[in-house]
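In: Below is the structure, and that's it, no one-letter string:
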């Protein structure tokens, strides 16, 4: 199985994410958890819409800038739009059930030494490992 792992761009992206979360924490005293930021845009709204809107708009803008600079999408998807929409909905539901997303718990929560975030990240990682194992080792046997 071939992969497209690119350690230098992954390292650079991780550093930028860490710096952005630190900037938001020090500048506004806010945690850079995407689900919490996006949830603050939904009714009932809070009084701090400006920075939330800027943050959420900046996410696709960053991807668009990457596409322009790199000459194409970082990841191509061959899934139909309905599957992508369903996947996004399931991620959103999981985010609410888990009281935060992987970025909030992994980047911000672990950086603040939150025990809840440590438990969440360990759960995310264990689930991911089990899914990969099932996908690679159990499902091919079931398909025969």
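Out: Now that the structure is in, tell me what you want to look at. The model shown is predicted, which means the values in this text are computed figures rather than measured ones.

In: drop to CA atoms for contacts and neighbour counts, all remaining ones
Out: Fine.

In: so which helix or strand takes in the residue nearest to residue 106 when sequence neighbours are not counted?
Out: Excluding the flanking residues, the one nearest residue 106 by C-alpha to C-alpha, 6 or more residues apart in numbering is residue 121, at 6.0 Å. Using DSSP states H and E, the element containing residue 121 is helix 115-133.

In: Give me the distance between that helix and the centre of its chain.
Out: 14 Å (C-alpha atoms, centre = their mean, to the nearest Å).

In: Stretch 90-107 too?
Out: On C-alpha atoms, centre = their mean, the centre of stretch 90-107 falls 8 Å from that of its chain.

In: can you map out the helices along the protein?
Out: Here the chain has its helices, by DSSP state H, at 7-28, 34-39, 49-70, 81-97, 102, 110-111, 115-133, 139-143.

In: can I get the ones you listed in TSV with mean neighbour count?
Out: Putting those into TSV (neighbours: other C-alpha atoms under 10 Å) gives the following:
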stretch	mean neighbour count
helix 7-28	13
helix 34-39	18
helix 49-70	13
helix 81-97	12
helix 102	20
helix 110-111	16
helix 115-133	14
helix 139-143	9
